[in-house]
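Enquirer: Pasting a predicted model and its sequence here:
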Amino acid sequence: MNKQFSTLSQCIRESEKEFSQATGSYTGLMNEILVAAKIISQEVNKAGLSAINILEQTDNINVQGEVQQKLDVFANSSLKNILKRSPYLCAIISEEDEKPTTIPGKVTKGNYILSMDPLDGSSNIDVNVSIGTIFAIYRKLSPGTEVTKEDFLQKGENLVGAGYVIYGSSTVFVYSTGNGVHGFTLDPGLGEFLLSSPNMKIPSRGSIYSINEGNYNLWSDQQKKCVEYLKEKDEATNRPYKARYIGSLVADFHRTMLKGGIFMYPPDSKALNGKLRLLYEAIPLAYIVENAGGKASNGFQRILEIQPDAIHQRVPLFIGSKENVELAEKFLSEEDK
């Protein structure tokens, strides 16, 4: 994809032409997602200024057991209000909702399923840290009009597209349909996402590691050894690595995509199955990083090969440059010996 400051909509239309059986439905769905992203971006940029202070918490606890921020509710509602009337979707899975939302019968149903984290990192909004939206798109597998468990619980290998939006010093939309990764920056004057990072590639090896070291005492011995290795001085292997951790998955991942290295959220004694959600956090980011030449695993298995068994299933995540992830896997493999 050539960098000619094409708009996101133009690029999506062009990429759909590569598929002979394309009907325009995917383009339509992506356009609806980017409209919602613009609405959320506008509200994030007004945080603290609007009549309703979106920086505040609500009195609600979501299905994850987390206190909802007003901005969480706003982002979830913005996306669902647009998408639940979509003729391209048959169902939506959201981090904020206990059960999937199926498209009402009176609306023409499409063949796509969207899983999403409407606003990742929202607890950081009051300190002006970058936050974001993560999404993944699947095709419906089952015949007929009913959406089944088989449709919701698909491996990442079945994805037809995935992306994320990061709301920071600028708003950036990154997506892939399996043929490269492309980044677009929102021009606030034009109100359009313009191609700014075509054909994004993650370095095969980086010198930055990202992990919440506040959980050090909860980690396995092998996880501790892995991090200690990265801190040791050794010029031959370009160590020590630099530590960078923001605490917003989208922001930490975006930096890793651009700079290389590894982001790790391992299991620990309080979260034996990890903390990040498989369907709408780990899988879409794994899809993007693999299409950019990187790697993502749970420490032992490729993320895109994991068969989900629940829509809010959690998973450990090791994601980033291929060589860095393989190094972490080597340390973790010692746990089984």
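Expert: Structure received.

Enquirer: ok, now which ones touch the closest residue to Leu279 other than its chain neighbours?
Expert: Closest residue to Leu279 apart from its sequence neighbours, by C-beta to C-beta, 6 or more residues apart in numbering: Ser115 at 4.7 Å. Yep, even glycine has a C-beta here, placed from its N, CA and C like the rest. Residues in contact with Ser115 (C-beta atoms under 8 Å, 6 or more residues apart in numbering) are Ile92, Ile93, Ser94, Phe135, Ala136, Tyr138, Leu279, Tyr280, Ile283, Pro284, Ile311.

Enquirer: hey, which helix is longest across the chain?
Expert: Determined from DSSP state H, the single longest helix within the chain is helix 25-45.

Enquirer: Could you name the helices and strands sitting against that one?
Expert: helix 8-16, helix 70-83, strand 112-120, strand 131-139, strand 161-167, strand 171-176 (3 or more C-beta pairs under 8 Å, 6 or more residues apart in numbering; DSSP states H and E).

Enquirer: what pLDDT, on average, does the longest one get?
Expert: Right, the one you point to is helix 70-83. Confidence over helix 70-83 (mean pLDDT, whole number) is 88.

Enquirer: helices or strands up against that helix?
Expert: Using 3+ C-beta pairs under 8 Å, 6+ apart: helix 70-83 touches helix 25-45, strand 57-61, strand 89-94, strand 112-120.

Enquirer: which residues does Thr7 bridge with?
Expert: Counting by DSSP bridges, Thr7 is bridged to Leu194.

Enquirer: What count of nearby residues applies to it?
Expert: Thr7: 16 surrounding residues under other C-beta atoms under 10 Å.

Enquirer: Contact partners for it?
Expert: Neighbouring residues of Thr7 by C-beta under 8 Å, 6+ apart: Phe184, Glu192, Phe193, Leu194, Leu195.

Enquirer: possible to save the contacts of Ser115 as TSV with neighbour count?
Expert: Shown next, in TSV, are the contacts of Ser115 (neighbours: other C-beta atoms under 10 Å):
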residue	neighbour count
Ile92	22
Ile93	23
Ser94	24
Phe135	26
Ala136	29
Tyr138	25
Leu279	24
Tyr280	25
Ile283	28
Pro284	26
Ile311	21
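
Enquirer: wait, which of those is closest to Ala37?
Expert: Distance to Ala37 across the contacts of Ser115 (C-beta to C-beta) is lowest for Phe135, with 9.5 Å.

Enquirer: What residues are bridge-paired with that closest one?
Expert: Here Phe135, judged by DSSP bridges, has bridge partners Met116, Gly163.

Enquirer: ok so, going back, same list, the helices and strands packed on helix 25-45, but as CSV with distance to Thr256 please.
Expert: Formatted as CSV, these follow (distance: least, C-beta to C-beta, whole Å):
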stretch, distance to Thr256
helix 8-16, 22
helix 70-83, 23
strand 112-120, 14
strand 131-139, 14
strand 161-167, 12
strand 171-176, 12
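
Enquirer: Out of these, flag the one nearest Asn298.
Expert: That would be, of those and by C-beta to C-beta, strand 131-139, which comes in at 16.8 Å.

Enquirer: for the next helix or strand after the closest one, packing partners?
Expert: Counting by DSSP states H and E, the element after strand 131-139 in chain order, helix or strand, is helix 149-152. Applying 3+ C-beta pairs under 8 Å, 6+ apart, one finds that helix 149-152 contacts strand 89-94.

Enquirer: what lines up beside the strand it packs on in the sheet?
Expert: Here strand 89-94 has these sheet partners by DSSP bridges: strand 101-102 (antiparallel), strand 112-120 (parallel).

Enquirer: Quick check: which of these is buried the most?
Expert: Ranked by mean neighbour count under mean count of other C-beta atoms under 10 Å, those are led by strand 112-120, which reaches a mean of 27.

Enquirer: Great, nothing more from me.
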